[in-house]
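Colleague: next comes the sequence, and after it the predicted model I'd like to discuss.
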Amino acid sequence: EFRRVLFRSAMVKFLKTGRICLVTNGRMAGKKALIVKTFDDGTKTRPFPHALVAGVAKSPLKVTKAMGKKKVSKRSKCKAFVKYGNYSHMMPTRYLVPTDFDAKSLVTDAQMESIETKTEARKSIKAVLDEKFQNPPQDKGGKPLKDIAFLRKKLRF
C-alpha cells in the first residue's frame, strides 16, 4: 500500500488540460478526445484518477471540388461527445491543442450533472470544433497546426 502511494505521487502528470488522447474503453473506444479537466486524486463519486474529456465521435468526411455547397456543408460537420474517463482507459498522444483554444471553457462539471445541460454542452463543443476544423489555427509560417488536423482525422487502425 505504501509503495503504491509513493509511486502515485512520484508519477509525472502528463495528462493535463489541452492534451489530445485516445479513448480505449466503452462506446467511444478508438475515438480522439481532448482533456478538459483532470482529477488526479479522484472525487467522492469517482474515487479513481479520471478526467473530463470532450471529443470527436464522428469526424468530418472528405470533400472534393465536384461536390455542391449543400453536400460540402453536410460532410464537413462533426459529432461531439463529452464524458468522464478513467486514466487507465486513455492513451495520451504527443499532441496539445494551442493555448488560444481554451479547453477549460468547453464544458464544466455543473453541465455534466443533468442530461439537458450535457446535451447543451455537447452542442456548444460541436460548434467550436466545426469552426476550428473549417478555419484551423495557423503557425508562424501560415501552415495549419498539426494538432487540430490530428483531431479532425478519423483514427485508422
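Modeller: Yep, it's here.

Colleague: what residues does stretch 71-87 touch?
Modeller: By Cβ atoms under 8 Å, 6 or more residues apart in numbering, the surrounding residues in contact with stretch 71-87 are 15, 23, 25-26, 28, 31, 33, 46, 48-63, 67, 107, 111-112, 118, 121-123, 125-126, 129-130, 133-134, 152. For the C-beta atoms, the positions are set from N, CA and C on the backbone; glycine is no exception.

Colleague: hmm, which helix or strand of this structure has the shakiest average pLDDT?
Modeller: helix 2-10 (a mean of 49; mean pLDDT, DSSP states H and E).

Colleague: tell me the SS of Lys62?
Modeller: Three-state assignment for Lys62 (DSSP: H, G, I helix; E, B strand; the rest coil): coil.

Colleague: quick revisit: which element follows the least confident helix or strand of the chain toward the C-terminus?
Modeller: strand 19-23 (DSSP states H and E).

Colleague: list the helices and strands that following strand packs on?
Modeller: In terms of contacts (3 or more Cβ pairs under 8 Å, 6 or more residues apart in numbering; DSSP states H and E), strand 19-23 is packed against strand 32-39, strand 50-58, strand 90-96, helix 146-152.
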